[in-house]
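K.L.:
coords below, sequence missing:
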């Protein structure tokens, strides 16, 4: 039986502030119109960001190193 999104998020993040911050930042980008980095029919930005994180497609860059503040 496949785990629900909250169960998968909890297992993957497991209290890691870094991963939580990464997901939050990417969800905000998706909500603001960024294109998903994966091909999916999924529309839920949380699920899309989680899939991207699972595949290693996103990483957290500290604000002072990022080119533009999101």
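P.N.:
Arrived safely. All figures in this text were calculated on a predicted structure; none of them were measured in a lab.

K.L.:
What are the buried residues along stretch 37-52?
P.N.:
Using 16 or more other Cβ atoms under 10 Å as the test for burial, stretch 37-52 gives 45, 46, 47, 48, 49, 50, 51, 52. (Each C-beta comes from the backbone N, C-alpha and C, glycine too.)

K.L.:
Which members of those residues occur in helices, if any?
P.N.:
Members of those lying in helices (criterion: DSSP state H): 45, 46, 47, 48, 49, 50, 51, 52.

K.L.:
Distance from the chain centre to stretch 33-48, please.
P.N.:
Distance, stretch centre to chain centre, for stretch 33-48: 9 Å (Cα atoms, centre = their mean, to the nearest Å).

K.L.:
what about it, start to end distance?
P.N.:
Separation of the first and last residues of stretch 33-48 by Cα to Cα, to the nearest Å is 13 Å.

K.L.:
Please enumerate residues in contact with that stretch?
P.N.:
5, 9, 23, 27, 30, 31, 51, 52, 55, 57, 58 (Cβ atoms under 8 Å, 6 or more residues apart in numbering).

K.L.:
one step back: I'd like the buried residues of stretch 37-52 written out as a markdown table, with distance to residue 39 and pLDDT added.
P.N.:
Shown next, in a markdown table, are these (distance: Cβ to Cβ, whole Å; pLDDT from 0 to 100):
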| residue | distance to residue 39 | pLDDT |
| --- | --- | --- |
| 45 | 16 | 97 |
| 46 | 18 | 94 |
| 47 | 14 | 94 |
| 48 | 11 | 96 |
| 49 | 15 | 95 |
| 50 | 15 | 92 |
| 51 | 10 | 94 |
| 52 | 11 | 94 |
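
K.L.:
Let me have these in TSV, extended by distance to residue 38.
P.N.:
As requested, the buried residues of stretch 37-52 are exported to TSV (distance: Cβ to Cβ, whole Å):
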residue	distance to residue 38
45	12
46	14
47	11
48	7
49	10
50	11
51	6
52	6
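
K.L.:
count of residues packed around residue 22?
P.N.:
Neighbour count of residue 22, defined by other Cβ atoms under 10 Å: 19.

K.L.:
let's number from 52 now, not from 1
P.N.:
I'll keep to 52 as the first residue from here, and by that count the last item is residue 73.
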